[in-house]
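> I would like the atomic coordinates for the input below:
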Amino acid sequence: MNRKIVGISIIIFFVSIIPLSYVHELGHSYICMMEGYTFDIQLGLDGGRMVCHGEVENQILFRAIGGVLAGTAAIIPLVAFRQIRKYPAVVIALLPLGLGHYLNAGIETVFYKTYMQDSVIWGMMMGLFAFLMFIGLATKYAKKKVNLL
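Numbers count the residues shown, from 1 in each chain. Just a heads-up that it's a prediction; the model follows:
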C-alpha cells in the first residue's frame, strides 16, 4: 500500500469532517427556517447539533435532508469532476464520508427515536462503517501512483 496516498487521504478525510458536519446541520436548519423558525448550530469534535426553535411539521424531510445534503456535498466532486478521480487519495477520503452521510440520513429518518436516545451507539456504528469503507478503498486504490499537482 502506498503510504503517501493513505496519508494524504487521511488528511483529506479529517479536514472534511467538520465542514461536512456543518453542511449536514445546515440541511436540517433549512427546513426549520422554511417553516418559519429560528435555529442554532453547534459543532464539535463529536459532530454537530442543530436546535430548531419550533416544531417542524415535515419531520421526514427534516430528518433526512441533513445526511442527504452532506452526502451529496461529499460525492459531487467525485461525480462532477472527472479529473479528480485520477487522485485515489480524494476517492478514498470522500467516498466513505459521502456514503456515511447517506447512511446517516436513513438511520436518522427510520430510527429517529433510538438515534436521538442512543446517539453514541449509532455514531460508533456509522464511524465503523466509514472506517471499514476507508480501509477497503485504501486497500484497493492506494496501490496506484499518486499525481500531486
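
> now stretch 52-61, how far from the centre of its chain.
Counting by CA atoms, centre = their mean, to the nearest Å, stretch 52-61 is centred 21 Å from the centre of its parent chain.

> Okay, now that stretch: how far is its last residue from its first?
End-to-end span of stretch 52-61 (CA to CA, to the nearest Å): 14 Å.

> ok, and what's touching it?
Contact partners of stretch 52-61, identified using CB atoms under 8 Å, 6 or more residues apart in numbering, comprise 28-29, 31-32, 35-40, 62, 109, 112. Yep, even glycine has a C-beta here, placed from its N, CA and C like the rest.

> repeat for stretch 98-117
Stretch 98-117 has contacts (CB under 8 Å, 6+ apart) with 20, 24, 59-60, 63-68, 70-75, 78, 122, 126, 129-130, 133.

> what helix or strand is Glu57 on?
Following DSSP states H and E, one finds Glu57 outside all helices and strands.

> where does it land on pLDDT?
As predicted, Glu57 sits at a pLDDT of 95.

> Over to Ser119?
If you check Ser119, the pLDDT there is 81.
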